[in-house]
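Asks: take a look and give me a structure for this.
(chains A, B, C and D)
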Number of protein chains: 2
Amino acid sequence: MSAALNGTGRLSPEVREKARETARRMGYRPNATARQLRAGRARLIGYVVGELADTPWTFLESPYFARLTGATAATALARGYAVVLLPAGSLQSEWAALPLDAVVVADPVADDRIVEDLLAARIPVFSDRSVEGRPGAHWVDVDAAAAVGQALDHFHAQGARRPVLVVPDSSTRFHREVTQAHRAWCAAHGVPERTVRAAEPGNGPVIRAVETALTSGPDRPDALLLVAEASPPLVLDAARRHGYAVPGDLLLVCVSEDETALHTEPPVTTLSLRPDAVAEAGIAHLVAVLERGLRETGGALVPVRLDVRASSVRPGP
Amino acid sequence: MSAALNGTGRLSPEVREKARETARRMGYRPNATARQLRAGRARLIGYVVGELADTPWTFLESPYFARLTGATAATALARGYAVVLLPAGSLQSEWAALPLDAVVVADPVADDRIVEDLLAARIPVFSDRSVEGRPGAHWVDVDAAAAVGQALDHFHAQGARRPVLVVPDSSTRFHREVTQAHRAWCAAHGVPERTVRAAEPGNGPVIRAVETALTSGPDRPDALLLVAEASPPLVLDAARRHGYAVPGDLLLVCVSEDETALHTEPPVTTLSLRPDAVAEAGIAHLVAVLERGLRETGGALVPVRLDVRASSVRPGP
DNA sequence: TTGAAAGCGCTAACAC
DNA sequence: GTGTTAGCGCTTTCAA
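Replies: Below is the predicted model of the structure:
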């Protein structure tokens, strides 16, 4: 029976087909749980977003995490793993009853206990570089330094000399790296370092931070790099409200996966963190570890992509 | 052992606590799969969005489905069920290996096979009213007719007499009901029925449909009800591009969960389909069916909520 | 109170 | 090519 349904035994294809067909029409379905018990793993992986731990489910409303989540689920399913959604900052009790082969922890915050809890429970963790070196933890990361460098180089090439960075006040590794890379770039290019932090995520606070960036400081900035998730059309509106023409007075680059950036006037240059590529690299790594017993290797660093559009190209004379 | 860890046997609380503690420090973790096998169910439910079957994972990028997904996962987890993400239009092979106690199918499209496949596999289905009457299928639905009625009544009360509806060309039950309710309302109020269909989802096509609605037809409309997911700031921009002042020339209501509606100038009136309430009602129903063997009851009809903001309030004289 | 055993449904191994 | 069996790790039941 078992031999017929799976490809295990050495049966003639004909016999197998007949058995399969018969089984199917009799409404037979193998019990998934029993198979999992036998197999010793459930092909189930957990997925948590560490950021926004105080509003555990809002991550799906961010275009970046929406894409990352979808791509993770898609890639995993293609490899035979199903993804279960877990809330940010989730407790033992919420996942202890699940037969998780591994857990993906996207952008853990500095004080998040979940990674430790999972490792203590001997569940492999796949996260960003902040878990580097912990036994049982593996990483894939976005090249934050390259991202900042690419955007600032682009501004510089377009003639901007007073760029300002807006970044959330978050303790994820990504945001810390962005800040550091910005500092390094400014030092290397002899440009004053101007940074404004958004107190919280969400369009309201981020737009307010943008307004602060555009109105405070010794002189008016001529370029804005926005590394916080905000709606591109709202950012453009904010710039206009404060008397900036984009791209005439202000070059604008948003780190965003929001496709509305394509439909504004002018269209907004975006820096894509490539959630699909991150997900693919992560799941590929996960499969390698789980199925081929791969040991701690250096993880993968996924490059970003700058999609230059009119908002960051200085108009010709 | 078992008796100690769970509350089953009649052990003294003291003994139980000691056993628990000992087990924990020895690093013992009960095998979740074995428990599930024993229990006869996995407390795992599938979640599929039927709409957008050709782009299986994009549903998370829609604010409505992002909220619905998050709320479903949250509510389910609070009741002890974990949610696994399945792609739209998914095949047997993708979920056959999962021990699903039930599957939530959000907004199935007319020709979607998944509901039939699940029922054939004797997996309970929770969906919208389009599955009404099928054995093993249960429903919870949004009150589409009330939604349309509320919005059109609001327009009428504000003095608008030439409202136009923009709706996607989709075969979900919700969109069919919206069209019917619109027709009925127009007939009842002696208002000509004006409808424009968006060929596809996504900001591009929907904005084009809005532009068609604003520029074609015998006369310029004085109110726009947008039932397709689009970014509110982009909709406002489109109206302005075509010479409409909002709300002076055109009243605007968007069916949307997008919080950018709060941050535009003027803020946009939205009609919320209450994804959180839908998710809660759905999971409550699911738990009742799965755990208390509830038979086919009429499902629940969740009311919508109109959040009136400046975009749909005719300015005073 | 403590211990042993049956059995959930499957698959891999071994005997026929 | 077909049939039987052991055992995955747990919980429940029955026996000591």
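Asks: host element of residue A:34?
Replies: Residue A:34 belongs to helix A:32-39 when assigned by DSSP states H and E.
Asks: mind listing what's buried in that helix?
Replies: For helix A:32-39, burial by neighbour count (16 or more other Cβ atoms under 10 Å in any protein chain shown) applies to A:32-33, A:35-37. Just so you know, the C-beta spots here come from the backbone N, C-alpha and C atoms, and that holds for glycine as well.
Asks: stretch A:41-57 now?
Replies: In stretch A:41-57, counting by 16+ other Cβ under 10 Å, buried: A:42-53, A:55-57.
Asks: now the strands for chain A?
Replies: A:44-49, A:82-85, A:102-106, A:125-127, A:137-142, A:163-168, A:195-198, A:223-226, A:251-255, A:269-272, A:300-302, A:305-307 (DSSP state E).
Asks: single out the most deeply packed of those.
Replies: Most buried of the strands of chain A, by mean neighbour count (mean count of other Cβ atoms under 10 Å in any protein chain shown): strand A:223-226, with a mean of 28.
Asks: can you name the residues of the stretch 51-200 of chain A that neighbour chain B?
Replies: A:56-61, A:63, A:66-67, A:69-71, A:73-74, A:77, A:80, A:82-87, A:94-100, A:121-122 (Cβ under 8 Å from any Cβ of the partner chain).
Asks: the residues you listed in helices, which ones?
Replies: A:63, A:66-67, A:69-71, A:73-74, A:77, A:94-95 (DSSP state H).
Asks: between those residues, which has the most around it?
Replies: residue A:69 (28 neighbours; other Cβ atoms under 10 Å in any protein chain shown).
Asks: from DNA strand C, how far out is it?
Replies: Computed as Cβ to the nearest atom of the strand, to the nearest Å, the residue A:69 to DNA strand C distance reads 30 Å.
Asks: name the nearest residue to that residue, sequence neighbours excluded.
Replies: Leaving aside its sequence neighbours, residue A:69 sits nearest to residue B:60 (Cβ to Cβ, 6 or more residues apart in numbering or on different chains; 5.8 Å).
Asks: equivalent analysis for residue A:82, please.
Replies: Per Cβ to Cβ, 6+ apart, closest to residue A:82 is residue B:84, 4.5 Å.
Asks: my guess is the one you found meets residue B:48, correct?
Replies: No. Using Cβ atoms under 8 Å, residue B:84 makes no contact with residue B:48, being 9.8 Å away.
Asks: and chain A, what are its domain boundaries?
Replies: Structural domains assigned to chain A are A:1-30, A:40-140+A:275-302, A:144-273+A:306-312, following automatic domain parsing.
Asks: could you dump those domains into TSV with mean pLDDT added?
Replies: Shown next, in TSV, are those (pLDDT from 0 to 100):
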stretch	mean pLDDT
domain A:1-30	60
domain A:40-140+A:275-302	93
domain A:144-273+A:306-312	97
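Asks: any chance of the ones you listed in TSV, with distance to residue B:117 too?
Replies: What follows is these, written out as TSV (distance: least, Cβ to Cβ, whole Å):
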stretch	distance to residue B:117
domain A:1-30	12
domain A:40-140+A:275-302	16
domain A:144-273+A:306-312	32
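Asks: still on that earlier bit, make a markdown table out of the strands of chain A and add distance to residue A:216.
Replies: Output for the strands of chain A, formatted as a markdown table (distance: least, Cβ to Cβ, whole Å):
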| stretch | distance to residue A:216 |
| --- | --- |
| strand A:44-49 | 32 |
| strand A:82-85 | 40 |
| strand A:102-106 | 33 |
| strand A:125-127 | 36 |
| strand A:137-142 | 29 |
| strand A:163-168 | 10 |
| strand A:195-198 | 8 |
| strand A:223-226 | 13 |
| strand A:251-255 | 18 |
| strand A:269-272 | 24 |
| strand A:300-302 | 34 |
| strand A:305-307 | 27 |
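Asks: relative to DNA strand D, which of those strands is closest?
Replies: Set against DNA strand D and scored by Cβ to the nearest atom of the strand, these come closest in strand A:44-49, at 15.5 Å.
Asks: tell me what angle the closest one forms with helix A:63-78.
Replies: 170 degrees (axes from the mean of the first three to the mean of the last three Cα atoms, to 10 degrees).
Asks: the inter-axis angle of strand A:44-49 versus helix A:32-39?
Replies: 100 degrees.
Asks: list the strands paired with strand A:44-49, with their directions.
Replies: Strand A:44-49 has its sheet partners listed here by DSSP bridges as strand A:82-85 (parallel), strand A:102-106 (parallel).
Asks: redo these as JSON lines? Include distance to residue A:179.
Replies: Compiled in JSON lines, the strands paired with strand A:44-49 are given as follows (distance: least, Cβ to Cβ, whole Å):
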{"stretch": "strand A:82-85", "distance to residue A:179": "30"}
{"stretch": "strand A:102-106", "distance to residue A:179": "19"}
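Asks: okay, those in JSON lines with distance to DNA strand D next?
Replies: JSON lines is the format used below for those (distance: least, Cβ to the nearest atom of the strand, whole Å):
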{"stretch": "strand A:82-85", "distance to DNA strand D": "20"}
{"stretch": "strand A:102-106", "distance to DNA strand D": "17"}
